[in-house]
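> Please work out how this folds:
(one chain, ligands or ions: 1)
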Amino acid sequence: MGIQFNASARTFTLSTRSTTYQMGLDHLDRLLHLYYGPAIGQGDLAAMYPPADRGFSPNHNADRARRGISPDTLPQEYTGCNTGDFRLSCLVVRDEAGAAGAEWRYAGHSIQKGKYALTGLPSAHDEENEAESLCIRMEDGVTGLALELLYGVFAKQDIITRAVRLVNGGNQTLRLEKAASMCLDLPFGRWDMIHFHGRHTMERQAERVPLLNAIQTVSSTRGASSHHHNPFVILCDRKANEEHGLCYGVMPVYSGSHRTDVEVDQNGLTRIVSGIHDERFSWQLAPGEAFTVPEVILACTENGLTALSQQYHRFIRHNVCRGEHRFARRPVLINNWEATYFDFDSDAIVRIAEKAAALGVEMLVLDDGWFGKRNDDNSGLGDWFVNEKKLPGGLTPLIQRVNALGMKFGIWVEPEMVSEDSDLYRAHPDWALTLPGRAPVMSRNQMVLDMGRSEVVDYLTERLTDLLANNPIAYVKWDMNRNMTDVYSRVLPAERQGEAAHRYMLGVYRLLETLTTRFPHVLFEGCAGGGGRFDAGMLAYFTQIWCSDDTDAIERLVIQHGTSFGYPVSSIGAHVSACPNHQTGRTTPLWTRAVAAMSGTFGYELDLNKLSDEEASQVKEQIAFFDKHYQLIQNGLYYRLTDPTEESRYAAWQFVDEEQSEALFNLILTHPEANARPLHVWLRGLDPDALYRVESLDIHGCHCAPQAGLDLAMEGVGKVYSGSTLMHAGYTLPQLAGDYPSVQMYVKRV
Ligand code: DGJ
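Below is the predicted model of the structure:
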């Protein structure tokens with residue numbers, strides 16, 4: 001396992017537990033991509049690509065007599081620019097004469113223990129000391145541009161990370177107009193693509209489409225990874241399903257505008273190119289300067305989509321998330337947003353906290369509206385000073401009152417934004433992104449700060465340090481409620497304006513790096529109007545991210561289902577909210593809301609004082625249930641049992657611990673039926689030969705008729721079944737009826 005260079009065959013082979021990745025140098029010292037897929041060892045695979053003269057596929061000048069060898073037909077590891085490959089390119093670079101061109105020749109490589117690091121950008125880490133890194137250095141002889149292809153090989157995790165550094169080793173200023181993180185060529189096979197599209201309050205809906213003989217694109221130009229297209233794409237064998245089939249994942253570690261294109265070329269080769277979005281992007285590279293391109297996380301498995309997701313879940317928890325919170329017990333929280341919106345004072349918050357504490361909630365989060373002149377969403381952003389009209393005496397007395405209840409205190413901030421009606425904007429109008437001569441585009445009546453400016457990042461560092469150093473704050477919810485327009489920085493010269501959006505991200509990452517290092521005990525939760533920036537870049541700083549502003553438990557089934565393809569439960573912020581639900585007007589049983597929310601980081605977002613006594617005692621039971629199964633839910637393996645696009649009657653999913661010693665099955669009925677068919681379910685992920693006892697079967701919110709099989713289903717409780725019985729013969733649940741009942745069944749190995 002690890003990285004091998006075969007000097008005679010001139011191949012690089014990266015081996016993980018069950019995959020092989022191979023590249024080879026050709027007769028002109030170019031780097032070809034030879035293979036990525038299930039493990040095959042180290043054989044030289046160059047013979048898989050015999051020369052074939054394809055009309056209109058051009059040849060390198062040195063190959064003019066060998067017309068079968070074309071950069072346009074061979075699989076490439078990272079394309080050049082304007083030099084014979086007409087497919088998707090990784091790079092557009094221009095010299096001072098405006099000539100776009102680059103052609104890579106091998107210039108050396110190095111192999112190291114540990115994981116490479118990237119300057120200024122989040123990337124996977126290797127705190128568990130298992131990775132190896134490869135750097136292959138390529139050069140363009142004309143511009144002097146050097147390409148460092150970086151590979152992190154996490155053998156045990158079955159993950160390969162890739163990133164790129166471009167270094168101008170020439171003597172003229174170069175202009176990058178596109179610089180992708182990676183190209184992956186899959187020369188054979190017919191693939192489906194699964195991507196995660198959506199909108200505000202309906203993020204990350206999984207959509208599976210066949211690849212066309214065309215280019216299909218998943219992208220955002222919004223300056224954020226966005227609600228609309230999550231930066232994560234899966235390619236899978238047309239027959240692949242949750243349990244079987246070859247699947248590849250491409251996940252950029254980047255939170256800004258991104259773009260992943262998938263092309264099927266004239267010969268059936270599939271090429272994926274992923275990286276920063278190139279629309280309005282450019283970067284000036286003076287002699288000696290370097291540009292680092294964001295990382296991507298690649299995973300591959302022949303065991304279907306569940307296995308692919310589990311690889312990402314493990315990797316994000318172990319190697320992307322950082323710090324003391326990644327495996328730690330996260331507090332069950334109460335957030336006041338949907339309870340009060342902007343209309344609160346200290347007493348109102350304490351009343352919510354008192355009730356929450358009595359029911360077992362562990363942390364109160366004070367959401368938007370505690371600072372500046374912020375009584376609605378039209379003003380105040382940027383003025384990170386306590387509004388003493390709402391919180392007399394400042395935060396300290398409020399935090400003391402909350403802490404006295406035995407609860408931690410958390411707070412909401414939205415640092416990257418500024419309201420027109422704010423002291424900050426009045427003092428520094430040039431700190432906002434605005435276009436000269438144009439009235440700024442407004443969104444939620446706010447503007448975006450130019451985070452590429454060091455004085456903006458310094459101001460925010462100072463304000464947030466003051467907040468966190470002077471108050472016992474255990475948690476920060478970091479929000480971002482609009483996308484980027486008017487992208488123009490007042491401090492960059494004209495020829496560098498194409499850098500503004502990426503410099504913004506570098507500024508955000510710098511601020512987050514400083515604060516998370518300075519305050520390691522604070523748990524940071526990301527947010528962007530719900531899940532508008534739910535990506536691996538943010539997860540390097542935020543151990544969890546608010547999944548969606550849609551808190552309706554039934555809609556959440558679709559959102560959390562889509563999110564689960566790439567991201568672990570421990571990263572998915574989810575709360576129980578009031579009914580009728582504020583987004584959909586739907587009413588669901590309180591327990592069903594909890595079943596959905598506890599498949600995330602779990603909290604409440606409603607005024608618990610408004611619950612009946614019966615409901616309040618349910619909250620206590622829910623927290624006790626969550627406590628009991630916390631480890632299994634947060635750190636267990638996640639199994640999708642249904643697909644909302646295929647199964648419309650119910651949604652089901654399951655957790656199994658890594659040792660296969662216990663499992664928690666969850667189901668929510670979404671469409672009751674008259675004269676209902678038996679509800680028969682099959683568990684997954686158990687040890688077929690082990691015996692499991694059904695320890696509990698909880699059915700909530702169901703109006704089952706006596707003949708509906710309830711007694712029979714309950715008779716199974718306490719009984720012992722083999723893993724294979726539960727997985728193949730299954731278990732029959734009662735015929736659930738009513739609005740959105742839920743089921744939780746817990747089995748334990750005997
Ligand atoms: C959007 C977030 O997603 C909500 O949870 C809430 O914090 C509001 N912003 C506050 O403005």
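
> Need the three-state assignment for residue 622.
Recorded secondary structure, residue 622: helix (DSSP: H, G, I helix; E, B strand; the rest coil).

> Same question for residue 609.
Residue 609 - assigned by three-state DSSP - is helix.

> Identify the spatial nearest neighbour of it, chain neighbours not counted.
residue 355 (4.9 Å; C-beta to C-beta, 6 or more residues apart in numbering). In this view, the C-beta of every residue, glycine as well, is placed from N, C-alpha and C.

> for residue 434, same thing?
Nearest non-adjacent residue to residue 434, counting by C-beta to C-beta, 6+ apart: residue 440, 4.5 Å away.

> Was I right to think that neighbour contacts residue 447?
Yes. The criterion here is C-beta atoms under 8 Å, and residue 440 meets it with residue 447 at 5.5 Å.

> Excluding covalently adjacent residues, which one is nearest to the residue of the chain found nearest the ligand?
Nearest to the ligand in the chain, going by C-beta to the nearest ligand atom, is residue 368, at a distance of 3.5 Å. Spatial nearest neighbour of residue 368, excluding adjacent residues (C-beta to C-beta, 6+ apart): residue 412 at 5.3 Å.

> roughly how far apart are that neighbour and residue 467?
Using C-beta to C-beta, to the nearest Å, we find residue 412 at a distance of 11 Å from residue 467.

> interface residues of the stretch 301-450 of the chain facing the ligand?
337, 367, 368, 412 (C-beta under 6 Å from any ligand atom).

> Need phi/psi at the residue of the chain closest to the ligand.
Backbone torsions for residue 368, taken as degrees, to the nearest 10, come to phi -50, psi 140.

> My guess is it contacts residue 375. True?
No. Contact criterion C-beta under 8 Å: residue 368 and residue 375 do not qualify, at 10.6 Å.

> Quick check on those two: which one has the bigger neighbour count.
residue 368 (21 against 15; other C-beta atoms under 10 Å).

> before we move on, back to that, from residue 529, how far out is the residue of the chain closest to the ligand?
Taking C-beta to C-beta, one finds residue 368 at 11 Å from residue 529.

> now residue 147
Distance from residue 147 to residue 529, by C-beta to C-beta: 37 Å.

> who's more crowded, these two?
Higher neighbour count among residue 147 and residue 529: residue 147, with 25 against 22, using other C-beta under 10 Å.

> for the more buried one, what are its contacts?
Residue 147 sits next to 78, 104, 137, 138, 139, 140, 164, 165, 166 when contact means C-beta atoms under 8 Å, 6 or more residues apart in numbering.

> any chance of these in CSV, with distance to the ligand too?
Converted to CSV, these look like this (distance: C-beta to the nearest ligand atom, whole Å):
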residue, distance to the ligand
78, 38
104, 44
137, 44
138, 43
139, 47
140, 45
164, 33
165, 35
166, 36
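
> hang on, the earlier thing: give me the mean pLDDT for whichever strand or helix holds the residue nearest to residue 609.
Assigned by DSSP states H and E, residue 355 belongs to helix 346-359. Averaged over helix 346-359, pLDDT sits at 98.

> quick check, distance from that helix to the centre of its chain.
Counting by C-alpha atoms, centre = their mean, to the nearest Å, helix 346-359 is centred 33 Å from the centre of its parent chain.

> Equivalent analysis for stretch 722-735, please.
Worked out by C-alpha atoms, centre = their mean, stretch 722-735 lies 33 Å from the chain centre.

> Straight-line length of it, end to end?
With C-alpha to C-alpha, to the nearest Å as the measure, stretch 722-735 spans 24 Å from end to end.

> any residues touching it, and which ones?
660, 667, 676-684, 686-692, 694, 699, 702, 704-705, 708-710, 712-713, 716, 721, 743, 745, 747.

> Filter the residues you listed down to the buried ones, ChimeraX style.
Applying 16 or more other C-beta atoms under 10 Å to the contacts of stretch 722-735, the buried members can be selected in ChimeraX as follows:
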select :660,667,676,679,681,683,684,686,687,692,694,699,702,704,708,709,710,713,716,721,743,745,747
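
> which stretch of helix or strand covers residue 239?
Per DSSP H and E, there is no helix or strand for residue 239.

> and if you look at residue 591?
helix 590-597.

> And the contacts of that helix?
553-554, 556-557, 560, 574-577, 579, 603-604, 611, 615, 618-619, 622, 625-626, 666, 668, 698, 700-701, 740-742, 744.

> Listing partners with orientation, what would you give for whatever helix or strand comes next after that helix?
Following helix 590-597 in sequence order, the next helix or strand is strand 603-605 (DSSP H and E). According to DSSP bridges, strand 603-605 forms sheet pairs with strand 333-335 (parallel), strand 575-577 (parallel).

> Having no further points to raise, I will conclude here.
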